[in-house]
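J.: using only what follows, build the 3D model:
(one chain, ligands or ions: 1)
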Amino acid sequence: MVDTAPSTNSACSIKPGYLNNFCMTGANTSILDRWSDNQYLVTGVILSLFVWIVSYNFVSRDEEQRFQEAADQAQQIAVFFERHVVGIFQYGDSYLKLVRREYVRNHDVGDIENLMAEVPLNKSIASHITIIDEFGTPLLVSGYEIRPGTTARDRDYFKFQQNASGDQLLVSRLHKGRNSGKLIVSLVRRFAKPNGEFGGVIFLALEAVHITEFFNTMNIGPQSSATLVGTDKYIRARSHWGSQEPGQNISESVIWQNLAQSAVGIYLQTSVVDDVTRYYAYREVPGYPLIAAIGLSVEDFQQATEVSKLNHYSIAFLATLLIVVTTLFFSRQRQLLTQIEAKNHELQSQNDELERFNYTVSHDLKAPLVTIKGFLGLLKRDIDAGDQQAIARDAGQIGDAADRMAQLLDELLELSRIGRQMNAAENLDLAELVSEAVERVSIQLEERRVELRIAAGMPAVRGDPGRLLEVFQNLIDNAVKFMGEQESPCIEIGAERDDGQVRCCVRDNGIGIAADYLDRIFDLFDRLDARVEGTGVGLALVKRIVDVHGGRTWVESRGEGFGSTFYFTLPAADS
Ligand code: ADP
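T.: Reported below is the predicted structural model:
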């Protein structure tokens, strides 16, 4: 039968309002409309990555900027520290020289006491003045009683000045004053007797704590440090952080290598004094054998950047959350649209099929009606003529046509039930299913003496047992029906796994099918040979059942006289 069904309307014109919204013509759709749900997800991931890369860059730049600021700050404080030290030492040395000049005039400590009453020592810088004679015996310790028996003979500064050739300023190591009990750094100068011989030393005791106390009031991190160290590698004063022995030797520090390169600089080091890692800005103190260093703790510095890091990453996190939610929303939206489009398409093909079906059914059902009408005319004429034989023939033809119409209607009803009336899918043993189908057509098989070959080890499938039985029964029945004059009729039934599905086949060596008809024979009422009994519904039924199972049906034949092989796929059984 040639399909002359009228051409169908376009999907958009026949669908009611809501679905029309999703009928896309391509010309007026945006890129977003054409994106798949996966493209949305990939875009989401890319956007999120972008957000994190930008945030990471911000954080790195911020850290770099903060480090630069901290380094600048450390260098500025080091400049201040250096000037502060120069100020203290200049003051101390001037005072020292003043006292020495006064003392060498008369070698009378009373003059010094008078001088110090007139020009008092700045106590926020220096602790006291001490005069020691050539034997190491203290003659004056301003502001303190001299403890009997004390001597400076064993002190390095004394020995140094005793052996010095000329007038030199010595900055002593940090030590505890024997009279004051304070940690002091002394500025020591010698004085000569009138005959030019060594007459003793005068020193001014600077309280170490005053040298760095400015730093303790600065709020630049609890683990930061200010250190004044001599070129002899011994610490003279240090702001307090952690436990420390005063006046350590820091010859292990990398500051000496840096100093060899430049008098001013910055470097990173874990302190040899307290194990804190710091950025150190250092400067040589001009005119004195001293180096001033300001250390900024990396940990303090990182804590300061932590807040900004947290802010940036919180914003990135919120942005990512927003992207994820938006992406999921659009992706879901797309999935729904895809589903609606698929449904729309399915409805459209069902609509086309229905129209074809209407046309075919009305056309094929008319045929018996035409027969009945024709023979009714003849019957009337034969009754008038009283021709009993003709009357019986007419009645027989009318009966046959009515039977045929009834059979057509029954089979159509059966076809319409598929999909609506299905049993629950279950795992099925194909061998059992095939043997039951064979049982049902056993009479035809025996009559035609057909040899049956059923493959061993067929895989299990999943589906409606009743409907799949109909499929095999129809195909085996057809194979026998269209065996033709074949002398050794043979039907082979087999099944094998194919890409997650099971592909079944029913092969015969019957009359075969011409290439032109291979596509058409699954259509309703399509029959190639009107002489062979049948309605042309069987293969339509087979195709519909396989379709409902999500499978595909097709036939292969090398042409008339070469037999036919019917294939169909079914879901494999759940493992
Ligand atoms: P029916 O068997 O009732 O005629 P079917 O839908 O089962 O209807 O078959 C449609 C037509 O397909 C048949 O009339 C026949 O021409 C052709 N056909 C079906 N099975 C075979 C077969 N095994 N070998 C050759 N032709 C076949």
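J.: quick check: residue 501 touching residue 551?
T.: Yes: shown here, residue 501 and residue 551 form a contact pair, counting by C-beta atoms under 8 Å, at 7.0 Å. For every residue, glycine as well, the C-beta is placed using N, CA and C.
J.: what about those two, which has more around it?
T.: Legend: neighbour count by other C-beta atoms under 10 Å for residue 501 and residue 551, higher for residue 551 (21 against 18).
J.: give me the common contacts of residue 501 and residue 551.
T.: Listed as contacting both residue 501 and residue 551 by C-beta atoms under 8 Å, 6 or more residues apart in numbering are 569-571.
J.: out of the residues you listed, give me the one that has the most neighbours.
T.: Greatest neighbour count in those, by other C-beta under 10 Å, goes to residue 570: 25 neighbours.
J.: mind pulling up the pLDDT for that residue?
T.: Note for residue 570: predicted pLDDT of 97.
J.: going forward, the N-terminal residue is numbered 691.
T.: I'll keep to 691 as the first residue from here, and by that count the last item is residue 1260.
J.: across the sheet, point out what pairs with the nearest residue in space to it that is not next to it in sequence.
T.: Closest residue to residue 1260 apart from its sequence neighbours, by C-beta to C-beta, 6 or more residues apart in numbering: residue 1151 at 4.3 Å. Residue 1151 forms beta bridges with residue 1118, residue 1262, as assigned by DSSP bridges.
J.: residue 1151 contacts residue 1261, doesn't it?
T.: Yes: counting by C-beta under 8 Å, residue 1151 touches residue 1261, with 6.5 Å between them.
J.: now do the shared contacts for the two.
T.: Common contacts of residue 1151 and residue 1261 (C-beta under 8 Å, 6+ apart): residue 1192.
J.: picking up where we left off before, what's around the residue nearest to residue 1260, how many residues?
T.: 25.
J.: and the particular helix or strand that has residue 1073 in it, is it in reach of the ligand?
T.: Element membership of residue 1073 [criterion: DSSP states H and E] is helix 988-1075. No: residues of helix 988-1075 are not located near the ligand by C-beta under 6 Å from any ligand atom, the shortest gap being 11.9 Å.
J.: how about the residues of the stretch 841-990 of the chain near the ligand?
T.: Counting by C-beta under 6 Å from any ligand atom, no residue of the stretch 841-990 of the chain is near the ligand.
J.: how about the helices in the stretch 841-990 of the chain?
T.: Assigned by DSSP state H, counting those that start in this stretch, the helices in the stretch 841-990 of the chain fall at 846-853, 898-906, 945-951, 988-1075.
J.: may I have the phi/psi pair for the closest residue in space to residue 1248 that isn't next to it in sequence?
T.: Distance criterion C-beta to C-beta, 6+ apart; nearest residue to residue 1248, sequence neighbours excluded, is residue 1202 at 6.8 Å. Backbone torsions of residue 1202, given as degrees, to the nearest 10, read phi 70, psi 180.
J.: find the nearest non-adjacent residue to residue 1212, please.
T.: Distance criterion C-beta to C-beta, 6+ apart; nearest residue to residue 1212, sequence neighbours excluded, is residue 1233 at 4.5 Å.
J.: which element is that neighbour on?
T.: In this assignment (DSSP H and E), residue 1233 forms part of helix 1228-1238.
J.: contacts for the helix or strand following that helix, please.
T.: On the C-terminal side of helix 1228-1238, the nearest following helix or strand under DSSP H and E is strand 1243-1246. Here strand 1243-1246 makes contact (C-beta under 8 Å, 6+ apart) with 1203, 1208, 1211-1212, 1232-1233, 1236-1237, 1254-1258.
J.: per-residue pLDDT of the closest residue to the ligand within the stretch 791-940 of the chain, please?
T.: At 91.0 Å from the ligand, residue 911 is the closest residue in the stretch 791-940 of the chain, using C-beta to the nearest ligand atom. With respect to pLDDT, residue 911 scores 80.
J.: OK, contacts around it?
T.: 986-987, 990-991, 993-994 are the contacts of residue 911 under C-beta under 8 Å, 6+ apart.
J.: what is the nearest of the residues you listed to the ligand?
T.: Nearest to the ligand among the contacts of residue 911, counting by C-beta to the nearest ligand atom, is residue 993 at 83.7 Å.
J.: ok, that closest one to residue 833 distance?
T.: As for residue 993, its distance to residue 833 is 44 Å (criterion: C-beta to C-beta, to the nearest Å).
J.: how about residue 776?
T.: According to C-beta to C-beta, residue 776 stands 25 Å off from residue 833.
J.: looking at these two, which has the bigger crowd around it?
T.: residue 776 (16 against 13).
J.: number of residues surrounding the nearest residue to residue 866 once chain neighbours are set aside?
T.: Spatial nearest neighbour of residue 866, excluding adjacent residues (C-beta to C-beta, 6+ apart): residue 873 at 6.0 Å. By other C-beta under 10 Å, 19 other residues sit near residue 873.
J.: quick check: residue 873 touching residue 896?
T.: No: taking contacts as C-beta under 8 Å, residue 873 lies outside contact range of residue 896: 10.0 Å.
J.: the helix or strand harbouring residue 1090 vs the ligand: in contact?
T.: Using DSSP H and E, residue 1090 maps to helix 1078-1107. No: shown here: helix 1078-1107 not in contact with the ligand (C-beta under 6 Å from any ligand atom), separated by at least 8.2 Å.
J.: pLDDT score for the residue nearest to residue 958 when sequence neighbours are not counted?
T.: Nearest residue to residue 958, sequence neighbours excluded (C-beta to C-beta, 6+ apart): residue 969, at 5.4 Å. Looking at residue 969, its pLDDT reads 91.
J.: check contacts around residue 969.
T.: Residue 969 is in contact with 757, 760-761, 764, 956-958, 985-986, 988, 991, counting by C-beta under 8 Å, 6+ apart.
J.: how close does residue 779 sit to residue 866?
T.: Taken as C-beta to C-beta, the span from residue 779 to residue 866 is 20 Å.
J.: of those two, which one has the most company?
T.: Under the criterion of other C-beta under 10 Å, the comparison of residue 779 against residue 866 puts residue 779 first, with 23 against 11.
J.: nearest residue to that one in space, ignoring adjacent ones along the chain?
T.: Distance criterion C-beta to C-beta, 6+ apart; nearest residue to residue 779, sequence neighbours excluded, is residue 978 at 5.5 Å.
J.: ok, now which ones touch that neighbour?
T.: So residue 978 contacts 775-776, 779, 861 (C-beta under 8 Å, 6+ apart).
J.: of all those residues, which comes closest to residue 839?
T.: The nearest member of the contacts of residue 978 to residue 839, counting by C-beta to C-beta, is residue 861 at 27.2 Å.
J.: count of neighbours near the closest one?
T.: By other C-beta under 10 Å, the residues close to residue 861 number 24.
J.: wait, it sits on residue 879?
T.: No: the criterion here is C-beta under 8 Å, and residue 861 misses it with residue 879 at 11.0 Å.
J.: what angle sits between the one helix or strand residue 739 maps to and helix 988-1075?
T.: Secondary structure assignment for residue 739, by DSSP H and E: helix 727-796. Relative orientation of helix 727-796 versus helix 988-1075 (axes from the mean of the first three to the mean of the last three C-alpha atoms, to 10 degrees): 170 degrees.
J.: ok, back up a step: farthest pair in the contacts of residue 911?
T.: 986 and 993 (11.7 Å).
J.: more neighbours, the two?
T.: Counted by other C-beta under 10 Å, residue 986 and residue 993 do not tie: residue 986 has more neighbours, with 24 against 13.
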